[in-house]
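*Asks:* okay, sequence plus prediction incoming.
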Amino acid sequence: MSEGDWRASAPLENLRRRAELVDRVRRFFAERGVLEVETPVLGASAATDLHLASLSTTLSGAPPRTLWLQTSPELHMKRLLAAGSGPIWQLSKAFRDGEAGRRHNPEFTMLEWYRPGWDHHRLMDEVEELLRATLPQLADVPAAEKLTYREAFQRHAGVDPFAADATALCRRAAELGVAVGSTAASDRGSAHTPRAADGEATIVDWPREEWLHLLLATVVEPRLGRGRVSFVHDFPAAEAALARVRDDDPPVAERFEAFVDGVELANGYHELADSPEQARRFAADLAARRERGLPAVPADERLLAALSHGFPDCAGVALGFDRLAMLALGAASIDEVIAFPIDRA
């Protein structure tokens, strides 16, 4: 430990402004009649998503129990929705192993909310309203642009993400001067930082999904949200996570991401309400984790029971509050907007 490590990394003025930002968010939802809730940060289940690494702890007892720090409040909030809560929101601590960098800290703050009776398009409009209410730089900018995933790639990377195979994506990345393992890819998070095992000669063997992640992070995303909010929606079905899949040609996930100044801020879904389909996705995730040598984790059986009980047609979104604070305060690093990042915790 070096001298001065006891101090907060963020200036006190930034922490005051962060508190004011929390107040604005709370007023935003209070004015709209959305209920603020609190759900556990420790749970019996963990995220099965291949791109998320959960942290665990042991609860003493007879026998001891393994509990998991939640990567998002999503699954607990969905159980409240199934119980008839109506529209809900919360500002929650979340935890993800292996995610550290200019825009990441293993412990971070998530703003998440759900709107029964809405689809993802209507929720995109409310996300824009929240961003305009919290980010001064958006006060007088034009209305948000909404691009499909295909349109975003065609416009900014010059490639059709649904038609190009891995070789074509590799070639296009080379034409665009994309560096393997680049900082931009790392800033998106550990899930989207593919690396070659034996040098660049092997990179053509990456799965096409990894090339899409790399091009999205290094080429497409930096061009989004310039002078206005940008939304990208209708992701490939393989990227559905917990979103519904629409039977287009090709099928697409009813999912969106929001961007301001090239920064991904939010990830939203028209939520999957089908318990058997959710169970199938959990099982597929766990099988893929075994295949890749990733740690086994328990899926959320209580969520499946809640979906079976009855889940409203709704849309939900998770927004990185620390990133929102960075944009509101003009900060270059997450360390400037949180008191004690992991190396000072």
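*Replies:* Yep, it's here. Numbers count the residues shown, from 1 in each chain.

*Asks:* show me where the stretch 1-150 of the chain has its strands.
*Replies:* Taking DSSP state E, counting those that start in this stretch, the strands of the stretch 1-150 of the chain run over residues 35-36, 42-43, 55-59, 65-69, 88-95, 107-116, 145-148.

*Asks:* tell me which of the ones you listed sits nearest to Met124.
*Replies:* strand 145-148 (6.6 Å; Cβ to Cβ). (Glycine included, C-beta is placed from N, CA and C.)

*Asks:* helices or strands next to the closest one in the packing?
*Replies:* strand 230-236 (3 or more Cβ pairs under 8 Å, 6 or more residues apart in numbering; DSSP states H and E).

*Asks:* which other helices and strands contact the strand it packs on?
*Replies:* helix 120-134, strand 145-148, helix 149-156, strand 252-260.

*Asks:* how many residues are close by Ala168?
*Replies:* 14 (other Cβ atoms under 10 Å).

*Asks:* would you agree it falls within a strand?
*Replies:* No - counting by DSSP: H, G, I helix; E, B strand; the rest coil, Ala168 is not part of a strand but helix.

*Asks:* ok, it touching Val159?
*Replies:* Yes - using Cβ atoms under 8 Å, Ala168 is in contact with Val159, at 7.0 Å.

*Asks:* circling back: pick the most deeply packed of the helices and strands packed on strand 230-236.
*Replies:* Stretch with highest mean neighbour count among the helices and strands packed on strand 230-236: strand 252-260 (a mean of 24; mean count of other Cβ atoms under 10 Å).

*Asks:* next one: the spatially closest residue to Phe321 that is not a sequence neighbour from Leu329, what distance?
*Replies:* Setting aside the residues directly before and after it, Phe321 is nearest to Thr109 in space (Cβ to Cβ, 6 or more residues apart in numbering), at 4.2 Å. Distance, Thr109 to Leu329, using Cβ to Cβ, to the nearest Å: 14 Å.

*Asks:* if you count what's nearby, which of these two comes out ahead?
*Replies:* Thr109 (20 against 17).

*Asks:* buried sites along the lengthiest helix in the chain?
*Replies:* When the chain is parsed with DSSP state H, its longest helix is helix 12-31. Buried residues in helix 12-31, counted by 16 or more other Cβ atoms under 10 Å: 14-15, 17-18, 21, 25, 28-29.

*Asks:* the residue nearest to Phe321 bridge partners, please.
*Replies:* For Thr109, the beta-bridge partners under DSSP bridges are Lys93.

*Asks:* for it, give me its contacts.
*Replies:* The contact partners of Thr109, by Cβ atoms under 8 Å, 6 or more residues apart in numbering, come to 91-94, 320-322, 338.

*Asks:* ok, those vs Val178, which is closest?
*Replies:* Among those, and counting by Cβ to Cβ, the member closest to Val178 is Gly320, at 24.2 Å.

*Asks:* ok, for the closest one, nearest residue in space, not its chain neighbours?
*Replies:* Leu265 (6.0 Å).

*Asks:* need the three-state assignment for the one you found.
*Replies:* strand.

*Asks:* hang on, it packs against Ala318?
*Replies:* No - between Leu265 and Ala318 there is no contact under Cβ under 8 Å: 9.8 Å.

*Asks:* looking at these two now, which is surrounded by more residues?
*Replies:* The residue with more neighbours, out of Leu265 and Ala318, is Leu265; 25 against 21, by other Cβ under 10 Å.

*Asks:* any regions of the stretch 51-200 of the chain where pLDDT drops low?
*Replies:* 181-200 (pLDDT under 70).

*Asks:* now do the contacts for Asp285.
*Replies:* 48-50, 299.

*Asks:* quick check: which element contains it?
*Replies:* helix 275-292 (DSSP states H and E).

*Asks:* which parts of that helix are buried?
*Replies:* For helix 275-292, by 16+ other Cβ under 10 Å, it's 275, 278-279, 281-282, 285-286, 289.

*Asks:* wait, Cys170 sits on Trp206?
*Replies:* Yes - contact criterion Cβ under 8 Å: Cys170 and Trp206 qualify, at 7.4 Å.

*Asks:* ok so, going back, tell me the average confidence for the longest helix of the chain?
*Replies:* For helix 12-31, mean pLDDT is 98.

*Asks:* distance between it and the chain's centre?
*Replies:* Helix 12-31 sits 21 Å away from the centroid of its parent chain (Cα atoms, centre = their mean, to the nearest Å).

*Asks:* ok, now which ones touch the nearest residue to Arg102 once chain neighbours are set aside?
*Replies:* Take Arg102 and drop its neighbours on the chain: the residue closest to it by Cβ to Cβ, 6+ apart is Ser333, 5.1 Å away. Ser333 is in contact with 102-103, 326, counting by Cβ under 8 Å, 6+ apart.

*Asks:* most surrounded residue in the residues you listed?
*Replies:* Met326 (25 neighbours).

*Asks:* so the host helix or strand of that residue versus strand 252-260, what angle?
*Replies:* For Met326, the element it lies in under DSSP H and E is helix 321-329. Helix 321-329 and strand 252-260 are oriented at 40 degrees to each other (axes from the mean of the first three to the mean of the last three Cα atoms, to 10 degrees).

*Asks:* send me helix 321-329 as PDB with only the CA atoms.
*Replies:* What follows is the C-alpha trace of helix 321-329 in PDB, where atoms were taken according to Å, rounded to 0.1, in the frame of the first residue of the first chain:
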ATOM      1  CA  PHE A 321     -24.900   4.400 -13.400                       C
ATOM      2  CA  ASP A 322     -21.200   4.900 -13.000                       C
ATOM      3  CA  ARG A 323     -20.900   5.400 -16.700                       C
ATOM      4  CA  LEU A 324     -23.800   7.800 -16.600                       C
ATOM      5  CA  ALA A 325     -22.000   9.700 -13.800                       C
ATOM      6  CA  MET A 326     -18.800   9.800 -15.900                       C
ATOM      7  CA  LEU A 327     -20.600  11.400 -18.800                       C
ATOM      8  CA  ALA A 328     -22.500  13.800 -16.600                       C
ATOM      9  CA  LEU A 329     -19.300  14.900 -14.900                       C
END
